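Peer 1: requesting a structural model of the entry that follows:
(chains A and B)
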Amino acid sequence: MNDFEQIKATVLTQDFLPRKEPLPFSLVVIPPFQNSECDGQLFTESTLPLLLGLYSTSNLSETAINCPPCFILNYQHLWKHVDMELSSQTPGQLTKPIARFIEKLLLGKYSVICFENGIVPFIKLLGDKMTEECIQSIVLINPRGATSAYFARLTRPLSQKPTTIITSPDVETPFITPHLQVLFPQNNVINWDVPSAQVFQRNIFNPSQPSDSISNLQVQTLRNSLGWVVRKPDTEQREDGDDDTVLPHSTSINVLNFTMQKKDAEVRRHAILFYNEKAELILLRNYRGDIRKSTSEAFRQKILVKKDTKFPIIQVGRVTFFYIRVENVYIVACSNGNCNAAMIFESLYKMIDVFKAYFGGVFNEDTIKKHFPLMYELMDEAFDFGYPQNIDPEVLKTYIIQGKPITAQKAQQLSVHATGQSSRPPNLVYKHNELYIDVIEQVDLLVSSRHTVLNAEVNGQINLRVQLSGDPECIFGFNDKLFMDKNNEVSERAQRRGKRFQLELDDIQFHKCVKLGRFNADRTIAFVPPDGSFTLMRYRISERLVKPPFNVNPVIIEHTNTRFVVQVTISSTFNPQFVATQVVVKIPVPHNTARANTEISIGKAKFEPTQHAIMWRITNFPGCSSTQITASVQLLASVVQQAPWPKPPIAMQFMVPMATSSGLEVLFMNVTENKLGYQAERFIRYLTRGGNYLIRYPDIIGRGSENPIKATAQ
Amino acid sequence: MAYRAEEKDSKSAVQITKGEVTAIRAILKDSEIMRNPKQRQHTFSRVMFYVSQGINMSPLFSDMIIHAATKDFVEKKLIYQYLTYYAPSNEDKALLCINTFQKDFQSNNPQIRGLALKSLSSLRVQSLNEYIIPCITAGLTDMSPYVRSVAVIACLKTFYFARDFFDEQKYLEKLFEMARDSDPTVSGNCISALNELLGFTTSAPTTLSSQHITKSLIIYLLGRLDSYNEWHMQAVLRFVKRYKPTSEDEMFDIMNLLDIYFRSNNAGLVIAVAEIFLEYSSTDSQLSNAVIKRLVDPLITMVISGNPEVAFVAIKFILSFEHRLPGSFVKHHQVFYFKWNDPVYLKQAKLTILREIVNEQNWRPILQELEQYSIDALVGAQVIDTIGFVGIKIPDSFGVISRIITDTLQFEQQSTTSAAIITVRDILRRYPSAYPQFIPLIGQHFYSFETNEAKCALIFLIGHFGEHIPSSPYLLEPFVERVADELSEANPLPFVDIHISLLNATTRLFFFRPKEVQPLLGKLLGDIISTAAQGVVRDSALVVYRMLSQPDGYAKTQSVFAPDSIAESRFQRMLSGEEEGVALIGASFAEEEAGTQDEVWREWGSLSTVYNHPEDYFTRPPVLSVLFNRQLRQAEKEATVRREHEERAKREQAEKDRVEQEELARRLAEQALVSEPQFLRKAACSPQDFQRLWKELPEAASEELPLSDPIDVAEWKGKVDRSEFTLIACGGNAQNLKMFIYGKSSSADVVLADVRGNGQTEMLTCTVHSKNEDLASQFAMSILTILTD
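Peer 2: Have a look, this model is predicted:
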């Protein structure tokens, strides 16, 4: 290693001035050695094998040899850290350590000089690795003393992030100027300034020597070797690097400090914004009065206009934006506090429910514009100073009635109702007391190409429509195993009626009105329902209990390179007394399909070139039956070699009324209203429907079984 | 209808403003039109429409006030909203509307009272506080709960705009009292307000908080938890989180009580409960693990049945659990399989989870699943990346991975094939001995990649495993041949990575295939040294060249570029941390990392988890305070530990620490202070004088800044007006803005600035004329900072 001792004494070349052709350079890292002799050695030697990317300069000059080691930490070096992270097997994002490392560098544990061009690999590295959300903006400090258009031009394309360039007026003492300021991550301005610079000065020459006794000559040497040439701001031709002059050494330290004082009471901003598809702002409701145009503009320009992946939570400046998209409208909530993101999304979706309830189930750009004042009114009631107050359409409807003034007396009464706990309007009377129960189950299925079930799941929900007078109390029961275990009476009754099946649910969620305490005690579902429609509960059952209502068995037989046959057999497994309706099977075929001939016994099948699939529609599909489609697919011959056909899965949609695939049954729904004592009529409806019901194609059998079907002819 | 007709050209919204403002003013003044209620409402809607478009409607303020006394409730709401929006910029005129508000506040309709109070408290006009505060205080005791709930939030507002009154009226104490209000909304709003106030650690309320968050209050709140709506429930839970249970039994009682809320279908609420559970169990790792296990099911439900955004957030939470207690979600890998219609961000998030939970047992199904996604045009590259990660974690999977990668490399999709080659490189860097499974791919095809990283990866593979690829020198040849052309291009910057990789690869290969590579290496070194500009590439080539040309250069160079197996194993040892040195950096990473992760964990449930950064990172801008906070927190932590050990010494020690910290803070603050020259406030200067001085004084500095935000003329003007400098003249529009600014320093030096903002080039230029150059550049910087802040 002896010959490489030189390498650790590395200084940058003098030729550092920006030229028309930018020079690639990297970071110089100087470790803060207590004892520069030994620690430095250790650092150098141990890192050297890893630092094959450690580049020395072309002039390992005499002056440089006396310097303790500095490192040019470059792109590849940083890569090594990624490597280490990869190999350490510790979980974590790849970039985090780099991020922290750089932060550490900047916090003064290591001193860093970063030259303008050095930013290139730096940013690239960070930009490459999904750290988009990590870096907020980059502030480059131009070492040359004056900000030039040249510099801006050079650095602008480097990053999509907002880049601010700051000139330090006194670049005279190069190590004292903050050379690099990175807003990292998010808003953390890292200012590298005096303290670390002193460390630098002390170490670079001689640790025992106080920093103020550095001779002019040393500074000069170092500066020259680093290529710092300072220009006076008023010299002409800033673009041209040739006529630079060196300023005389001055002892004044002038650090630009951009640290903002933390305000004691920093106002949090809260607002909800609406944008249309063209990213134009349609409506803005400002809850704390300080969302300025620049904020909404920033969001528009930095998020909506961009074509990158759009994360639903994103930060611009100090403001975090949460947004969802409904139809052609983006609804954006913004805040600069640290809040519960799930809550914000929930409230936004609730808000959409409110709008839909008011606008007849439709919510899009047109309705916003049509109901402009009403939108304001609703948002005003729903949030106060950014805090959600009341986002329940049923409640809001009672006292926000556009155009109709409410009498003072009624308003008095209503305001109690609006703020109180009950979402039932007082003194409600219906002529017919009715209760509709909808049990809707969505079956998700994913079958692998080897015909094993990868994922099968039922997501069920029980929706109620309530038209009941007074304040009824309801008790609801279904064949929940845990409930039946606790209530022998009920379970005996159920058994007598021949209902033996007991259901185990993976997870249940209830509407707010359900008395959770009681559920926890004996699994009784008791509640006072709000008036109108709502979802009483949601539940989830995972694969062990789910019997998929349809078994789908596809086979592909390849005859020639341009012709193959797909055979799909579908058999229903549910009770023969039920009939599935609106069954649609989408059988994907390659993009270069010329035609497809189908043979079927029931339904209609058609090759739809726009969908790249054969759509097989069956109006009625009885239970416990089976049918088959045989499609012979003719491909277009093509000369160009194309990617192999990715074989998207067969997708199926269906509805099975009157059945639940989980076997959930409503056992009882008791309504008691003490004052009025009426009998409520109850209507129960069951429906199973296909959600993500996907079956993958098996491997191809036949002539070309070794090569998967290529969308090509060879 | 009028405002709808206008939307067609809303693109040019800025241009139409001026005409629009006068047109609306004319309508507002036209009593004929304003008598028609429909027309009236449309006019006000139109005004608000423009307000939300960001157009300055402030000039209409006095016209709007005239109509404020309307009877129509909808109109009233629109006008009030307008008034509160523009009151701060029309301070003098705002007084005129106070009367209307006050009258409305006397109304017997609680909705109108509430609206009036809401508007009054949002005026943000200092001079009117004496009228506003009595209304708020009266509102707190109003009969109607609706008005009370508005008044409670109004108290919070006074904390921001009238801090003196907030303290004087003892609103904080009142809020604590009113937390027991019979109406749940009032109580809930109280709690929301208190949460926010107690968040300001530095202000006076902190001292109050510990006394006021009493056991009885917490029990009271928890007792009536069901009465709150879901949003207020969340506020209450956040409040409960601040409370430290006095005994373990109490803690378990609270947890048992709250356990049922995991069943809520509001994801936010579930998270809020989880926060309390994690907070309470933070001292007991066993309990904390049990809590994490308890949360597995609710989080999975959120991923499956929630809206995509909620699922995204849930995945971030799951990720944090996986870091904390690895393996909690291993069994549930199927939950994170893609759905056909998942948005891209959700797919990406799911990939991050899959890479966390993959292990010896489940890698087969996961890889099988990932293979299905690799053809996805949007996330294909990330999928391949994840597959590579699985490989690095589980070397057994190389067989499967190599097959997937072979398939992938045949795709036309550039991003995917690039990711594939990079993946191969990553795996082989870690497991060089696995080359037989991967290297045959390289020889089979001739690949062309578009991205630099992929090209570099290919070159790396050829160079480092060239001895196993029969055609390796010929694969490198086309790259070497291009070097001379690339170097002579106007901007060789994009090729730097390639050239460096090429240099490393060729040099290494030279020691294995000397005869075939020698001409290549010679050409490469020659091309670079003769044509490359100064910099990394040329330096590297020179190093190689000089090393080789030393007496025993061959062996030495070989020991660096093509180290034998011993060196290789040393590298491996370093990676595994057995050998010190490199680990020096690695270990300090880990340490640092653990510290930050703990911090993130403490803030679980908030955005910190989503961003995976401590709160300080994204809510507080200044680094010094971050540093300072950290140090403080560190000190606090240490103090707590010590407290447990020594009962006696603790107080003195903590006191001492605190003094030290204060001293440190003071010093930090001192360092942070800027030694800027002092400018006189609003020094006067007439335009004529300015013109004369401009000609007299030499140009002393010129600064430029690229603009990050579009120019807002009025806002900028306001910014300068608020600063200590004098605005002499201002003209232009958002595309091209000109400003002349005058300043005078305490040493009587004058500085004159000509600021130009160009919307097209997005540049802001500031030219300063002055005698004093230092001052001039300071001045220029200050102006630019003011404008772009």
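
Peer 1: let me see the ranges of the strands in the stretch 251-400 of chain A.
Peer 2: Taking DSSP state E, counting those that start in this stretch, the strands of the stretch 251-400 of chain A run over residues A:270-276, A:281-286, A:313-316, A:319-326, A:329-335, A:383-384, A:387-388.

Peer 1: nearest to residue A:632, out of the ones you listed?
Peer 2: strand A:319-326 (41.6 Å; C-beta to C-beta). (Each C-beta comes from the backbone N, C-alpha and C, glycine too.)

Peer 1: the closest one close to chain B?
Peer 2: Yes - contact of strand A:319-326 with chain B is found when judged by C-beta under 8 Å from any C-beta of the partner chain, involving A:320, A:322, A:324.

Peer 1: what residues does that strand touch?
Peer 2: Outside of strand A:319-326, the residues that reach it under the criterion C-beta atoms under 8 Å, 6 or more residues apart in numbering or on different chains are A:269, A:295, A:299, A:303, A:312-315, A:330-336, A:339, A:341, A:344-345, A:348-349, A:352, A:363-364, B:307, B:309, B:607, B:618.

Peer 1: list just the nearest of the residues of strand A:319-326 next to chain B to residue B:284.
Peer 2: The shortest separation between residue B:284 and any of those is 32.4 Å, and it belongs to residue A:320 (by C-beta to C-beta).

Peer 1: tell me what the closest one is bridged to.
Peer 2: Each beta-bridge partner of residue A:320 is listed here, defined by DSSP bridges: residue A:315, residue A:335.

Peer 1: distance check, it against residue B:316.
Peer 2: Taking C-beta to C-beta, to the nearest Å as the measure, residue A:320 falls 13 Å from residue B:316.

Peer 1: show me the domain layout of chain B.
Peer 2: Annotated domains of chain B cover B:361-586, B:687-788 [automatic domain parsing].

Peer 1: need these in JSON lines (columns: distance to chain A).
Peer 2: Listed next are the domains of chain B as JSON lines, based on distance: least, C-beta to the nearest C-beta, whole Å:
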{"stretch": "domain B:361-586", "distance to chain A": "2"}
{"stretch": "domain B:687-788", "distance to chain A": "4"}
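
Peer 1: of residue A:320 and residue B:316, who's got more company?
Peer 2: residue A:320 (25 against 20; other C-beta atoms under 10 Å in any protein chain shown).

Peer 1: from residue B:348, how far off is the more buried one?
Peer 2: 19 Å.

Peer 1: could you export the residues of strand A:319-326 next to chain B as JSON lines, including distance to residue B:67?
Peer 2: As requested, those are arranged in JSON lines below (distance: C-beta to C-beta, whole Å):
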{"residue": "A:320", "distance to residue B:67": "37"}
{"residue": "A:322", "distance to residue B:67": "36"}
{"residue": "A:324", "distance to residue B:67": "36"}
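
Peer 1: from these, pick the one nearest residue B:329.
Peer 2: When the residues of strand A:319-326 next to chain B are compared against residue B:329 (criterion: C-beta to C-beta), the nearest one is residue A:322, at 24.7 Å.

Peer 1: how many residues are close by that closest one?
Peer 2: Close neighbours of residue A:322, defined as other C-beta under 10 Å, add up to 24.

Peer 1: and it, what's its pLDDT?
Peer 2: Model confidence at residue A:322, expressed as pLDDT, equals 86.

Peer 1: also the one 5 residues further on?
Peer 2: Each residue has a pLDDT score; the one for residue A:327 is 79.

Peer 1: one more: residue B:9?
Peer 2: Looking at residue B:9, its pLDDT is 40.

Peer 1: so which strand or helix has residue B:74?
Peer 2: Assigned by DSSP states H and E, residue B:74 belongs to helix B:73-86.

Peer 1: what's stretch B:309-316 in contact with?
Peer 2: Outside stretch B:309-316, the residues within contact range by C-beta under 8 Å, 6+ apart are A:311-313, A:322, A:324, A:341-342, A:345-346, B:267, B:299, B:302-304, B:306, B:336, B:345-346, B:349-350, B:352-353, B:609-610, B:612.

Peer 1: the helix holding residue B:74 close to chain A?
Peer 2: Yes - between helix B:73-86 and chain A, judged by C-beta under 8 Å from any C-beta, the touching residues are B:73, B:74, B:77, B:78, B:81, B:84, B:85.

Peer 1: helices or strands up against the helix or strand that contains residue B:764?
Peer 2: Element membership of residue B:764 [criterion: DSSP H and E] is strand B:763-770. Contact partners of strand B:763-770 among helices and strands, from 3 or more C-beta pairs under 8 Å, 6 or more residues apart in numbering or on different chains; DSSP states H and E: strand B:699-706, strand B:750-758, helix B:773-788.

Peer 1: how about the ones you listed in a markdown table, adding mean pLDDT and mean neighbour count?
Peer 2: Listed next are the helices and strands packed on strand B:763-770 as a markdown table, based on pLDDT from 0 to 100; neighbours: other C-beta atoms under 10 Å in any protein chain shown:
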| stretch | mean pLDDT | mean neighbour count |
| --- | --- | --- |
| strand B:699-706 | 73 | 22 |
| strand B:750-758 | 80 | 23 |
| helix B:773-788 | 74 | 23 |
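
Peer 1: returning to that earlier point: need the strands of the stretch 251-400 of chain A in JSON lines (columns: distance to residue B:198).
Peer 2: Compiled in JSON lines, the strands of the stretch 251-400 of chain A are given as follows (distance: least, C-beta to C-beta, whole Å):
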{"stretch": "strand A:270-276", "distance to residue B:198": "18"}
{"stretch": "strand A:281-286", "distance to residue B:198": "25"}
{"stretch": "strand A:313-316", "distance to residue B:198": "25"}
{"stretch": "strand A:319-326", "distance to residue B:198": "21"}
{"stretch": "strand A:329-335", "distance to residue B:198": "18"}
{"stretch": "strand A:383-384", "distance to residue B:198": "19"}
{"stretch": "strand A:387-388", "distance to residue B:198": "15"}
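
Peer 1: contact partners for the closest residue to chain B within the stretch 201-350 of chain A?
Peer 2: Using C-beta to the nearest C-beta, the closest approach of the stretch 201-350 of chain A to chain B is made by residue A:343 at 2.7 Å. Taking C-beta under 8 Å, 6+ apart as the criterion, residue A:343 is in contact with B:231, B:234, B:266, B:267, B:268, B:269, B:271, B:272.
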